[in-house]
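Peer 1: the following comprises the amino acid sequence and a computationally predicted model.
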Amino acid sequence: MKIVLFTILLLVSSSSFASCVILLHGLARSPDSMNKLDESLSQTGFTVVNQGYPSRDFPIELLAEKAITPALAQCPKDAKVSFVTHSLGGILVRQYLSTTDIEQLHRVVMLGPPNKGSEVVDKLAKVPGFEFINGQAGLQLGTGELSVPNQLGNADFDLGIIAGTRSINLILSQLIPGTDDGKVSIESTKLEGMNAHLVMPVTHPFMMKNKQVIKQVIHYLQHGSFITAEGQKQD
């Protein structure tokens, strides 16, 4: 009986154990901000790499290499590789994939990514102290044609995106057209070629800690789709 139960559990969780999930935090954050996701994914059976990187010290082009190359080296050989990113982390994945193929790439889930840039950067980039707080990468996240996110092209990988609708920074929200999460508008999170887009009542700084967001992330990694429910909208 014990052997049968063990076999069933092994079959059910084999896809998780064969997958390595790389977590990439947002601008001016640290791997600690992704700890709750790390714990939940690990408990589900994924191999997790919670990768830190000096987000304020280098431009996006260098940050992508500094974050993703060492993270990939920590994944088990031949494992499927997925990414779960917050904010700037999603742009790093797009930057990396624009120049480098990941043979075992499986799925990507982005939380609050500024895929079309953020009007906050447009309005505040020249304010004294902005670059000191947000670094070179922060200056590259505007909405203009020359911003890095707007030069990286469409998604040609399996991508699910979660956008938030609540803000704890009403001042910044005044700078952003449409519904936003305090840093990025819903519209800006979208990317041509994405597989799924889900809108949830969460804020930009804390969405990666939200239990329902984490549940959606795990479901997407396992099935390639989000769970829709009341109060949520999937495009």
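Peer 2: Ah, there it is. Numbers count the residues shown, from 1 in each chain.
Peer 1: please, which helix or strand holds Asp38?
Peer 2: Per DSSP states H and E, Asp38 falls inside helix 35-44.
Peer 1: who does that helix touch, helix- and strand-wise?
Peer 2: strand 19-24, strand 47-51, helix 211-223 (3 or more C-beta pairs under 8 Å, 6 or more residues apart in numbering; DSSP states H and E). (Each C-beta comes from the backbone N, C-alpha and C, glycine too.)
Peer 1: quick one: mean pLDDT over it.
Peer 2: Average pLDDT, helix 35-44: 98.
Peer 1: what's the answer for stretch 208-225, then?
Peer 2: pLDDT averaged over stretch 208-225 gives 97.
Peer 1: equivalent analysis for stretch 178-194, please.
Peer 2: Taken as a whole, stretch 178-194 carries a mean pLDDT of 97.
Peer 1: likewise stretch 134-149?
Peer 2: Stretch 134-149 comes out at a mean pLDDT of 93.
Peer 1: quick one: classify Val108 as helix, strand or coil.
Peer 2: strand (DSSP: H, G, I helix; E, B strand; the rest coil).
Peer 1: my bad, should have said Gly164
Peer 2: Under three-state DSSP, Gly164 comes out as strand.
Peer 1: doesn't Met208 make contact with it?
Peer 2: No. Look at Gly164 against Met208 with C-beta atoms under 8 Å: they stay out of range, at 10.4 Å.
Peer 1: what about the helices in the protein?
Peer 2: Under the criterion DSSP state H, the chain contains helices at 2-17, 35-44, 60-73, 88-97, 119-124, 130-139, 170-173, 186-189, 211-223.
Peer 1: gap between the last one and the chain center?
Peer 2: Think helix 211-223. 12 Å (C-alpha atoms, centre = their mean, to the nearest Å).
Peer 1: quick one: it to helix 35-44, angle?
Peer 2: 40 degrees (axes from the mean of the first three to the mean of the last three C-alpha atoms, to 10 degrees).
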